[in-house]
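> Requesting a structural model of the entry that follows:
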Amino acid sequence: MTDPPPVSTLMTQAARLYFDRQQSKVDIAAALGISRFRVARLISQAIDDGLVRIEYRDAAPADRSLAAAIETHYGLDLCVVAGGSSMTDVARAAASIVDGLIAPDDVVGIAWGTTLGEVVAAMPARREPSLAIVQLAGNAVGFDRAHDPAELARLLAERWGAIHHPLFAPAFVDRADVRDALLRQPDVAPTVAMFGRLTLALVGIGAFRAGAGLADGSSLVRTGALPADVVDELVGGGIVGDVLLHPVTADGRFPATGLAARAVGISVDGLRAVPRVVAVAAGAAKADAIRGALRSGLVRILVTDAAAARAIAPADPT
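Numbers count the residues shown, from 1 in each chain. Down below sits the predicted model:
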């Protein structure tokens, strides 16, 4: 009987497979013939012992200080300010954060929009058949195929080798009783039931501006999911943006209860129950909407750019 390899050898192998080859802890465990929990301990030990050194080079020191101030001010678990000004930079930062948070058996919900489309495109591939990907909202005809919620959920599931839970429904229906009946349908109910099992939700933040024609910062408006007269009424009532299907005010309230009753997707209370809600939004033009979303308490992790971060940061970070 051969002796097992020394811990130092296992630690080196585990660290190289994880950091160099970007293999999952489950795959590493299978390759080394040990449990995934031991793999996690070996990787942690590799960092503690100095075998692996992690340097944060994604943002300038000033931006890291800005992120820390935003975390404290809004009570976030994490704020990441991407080290570049393009949406691609923000998407890559968000993809890296989400990839690091995901573990086997997680249930991940995803919303919609161009920003999240870039995040999915930047997401590192993995093979995790125990993961579940859940579409969090119904569709709207105005979405281009690359950014609608059904396609983003499918692409993310494909990228991760995960189980896909689509939501075959429109984003809004005419009446609350129609919505209630739709949620009971056999093609819809199983996905809705997954909302209560979510461990992470990936959402964007839309920005409403005066005049429906100018509200191109919100997919709800741009796609026609909300008609122009409804948008004007919401803006007149203090709405500055939206999180998924839910218009939000600058002080973090969700007053559009009539609209929520017709929305086919996860509710505000459902999102509050998710342990990790990751929001990705950038640009100073979205500052009011981001601020409102953070004040609502829904968002636990924010990935943004320096322009938006400077706009939403407290006036006196100290």
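> use CA for all of it now, contacts and neighbours both
Noted.
> Let me know whether my guess that Asp180 is in a helix holds.
Yes: the assignment for Asp180 (DSSP: H, G, I helix; E, B strand; the rest coil) places it in a helix.
> Quick check: nearest residue in space to Ala68, chain neighbours excluded?
Leaving aside its sequence neighbours, Ala68 sits nearest to Cys79 (C-alpha to C-alpha, 6 or more residues apart in numbering; 6.9 Å).
> Over to Ala67?
Per C-alpha to C-alpha, 6+ apart, closest to Ala67 is Cys79, 5.2 Å.
> And what about that neighbour, helix, strand or coil?
Applying three-state DSSP: Cys79 is strand.
> Kindly state the beta-bridge partners for it.
Leu302 (DSSP bridges).
> what about it, how many neighbours?
24 (other C-alpha atoms under 10 Å).
> Hmm, it is touching Val299, no?
No: if you go by C-alpha atoms under 8 Å, Cys79 and Val299 don't touch, sitting 10.3 Å apart.
> Please list the outside residues in contact with the helix or strand where Leu66 lies.
Secondary-structure assignment from DSSP states H and E places Leu66 in helix 61-74. For helix 61-74, the external contacting residues (C-alpha atoms under 8 Å, 6 or more residues apart in numbering) are 76-81, 83, 294-295, 306, 309-310, 312-314, 317-318.
> Could you rerun that using 7 Å?
Asp77, Leu78, Cys79, Val80, Val81, Leu294, Arg295, Ala306, Ala309, Ala313, Pro314, Pro317 (C-alpha atoms under 7 Å, 6 or more residues apart in numbering).
> So, low pLDDT: which residues of the stretch 201-318 of the chain?
Along the stretch 201-318 of the chain, the model assigns pLDDT under 70 to residues 210-216, 316-318.
> The residue nearest to Gly265 when sequence neighbours are not counted: neighbouring residues, count only.
What sits nearest to Gly265 in space, not counting adjacent residues and going by C-alpha to C-alpha, 6+ apart, is Ala137, at 4.0 Å. Neighbour count of Ala137, defined by other C-alpha under 10 Å: 28.
> Provide a list of residues in contact with Ala137.
Here Ala137 is in contact with Ala111, Pro149, Leu167, Ala171, Val264, Gly265, Ile266 (criterion: C-alpha under 7 Å, 6+ apart).
> now the third one, what's its secondary structure?
What that stands for is Leu167. coil.
> Now the phi/psi pair for the nearest residue to Asp106 once chain neighbours are set aside, please.
Sequence neighbours aside, Leu131 is the residue nearest to Asp106 in space, at 5.3 Å (criterion: C-alpha to C-alpha, 6+ apart). When read as degrees, to the nearest 10, the backbone of Leu131 gives phi -80, psi 150.
> Quick one: residues contacting Leu131.
Pro104, Asp105, Asp106, Val107, Ala162, Ile163.
> Let's see that with 6 Å instead.
Residues near Leu131 by C-alpha atoms under 6 Å, 6 or more residues apart in numbering: Pro104, Asp105, Asp106, Val107, Ala162.
> between these, which is nearest Arg53?
Of all the contacts of Leu131, Pro104 has the smallest distance to Arg53: 25.1 Å, by C-alpha to C-alpha.
> Am I right that that closest one falls within a strand?
No: using three-state DSSP, the assignment for Pro104 is coil, not a strand.
> those helices in the stretch 201-318 of the chain, which residues are they?
219-222, 228-236, 257-260, 268-272, 287-295, 306-312 (DSSP state H, counting those that start in this stretch).
> Show me what counts as buried in the second one.
Buried residues in helix 228-236, counted by 16 or more other C-alpha atoms under 10 Å: Ala228, Val231, Asp232, Leu234, Val235.
> tell me which of these is nearest to Pro275?
Pro275 lies nearest to Leu234 out of the buried residues of helix 228-236, by C-alpha to C-alpha, at 29.0 Å.
> contacting residues for that closest one?
If you count contacts by C-alpha under 6 Å, 6+ apart, then Leu234 has nothing around it.
> Pro170 and Pro186: what is the separation?
15 Å (C-alpha to C-alpha, to the nearest Å).
> Can you add distance to Gly283 and give the contacts of helix 61-74 back as a markdown table?
Shown next, in a markdown table, are the contacts of helix 61-74 (distance: C-alpha to C-alpha, whole Å):
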| residue | distance to Gly283 |
| --- | --- |
| Asp77 | 21 |
| Leu78 | 18 |
| Cys79 | 15 |
| Val80 | 14 |
| Val81 | 11 |
| Leu294 | 15 |
| Arg295 | 18 |
| Ala306 | 8 |
| Ala309 | 8 |
| Ala313 | 13 |
| Pro314 | 17 |
| Pro317 | 20 |
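> what's the most distant pair in the residues you listed?
Going by C-alpha to C-alpha, the pair spanning these furthest: Arg295 and Ala306, at 19.2 Å.
> who's more crowded, these two?
Ala306 (25 against 20).
> That one - nearest residue in space that isn't next to it in sequence?
Val81 (5.9 Å).
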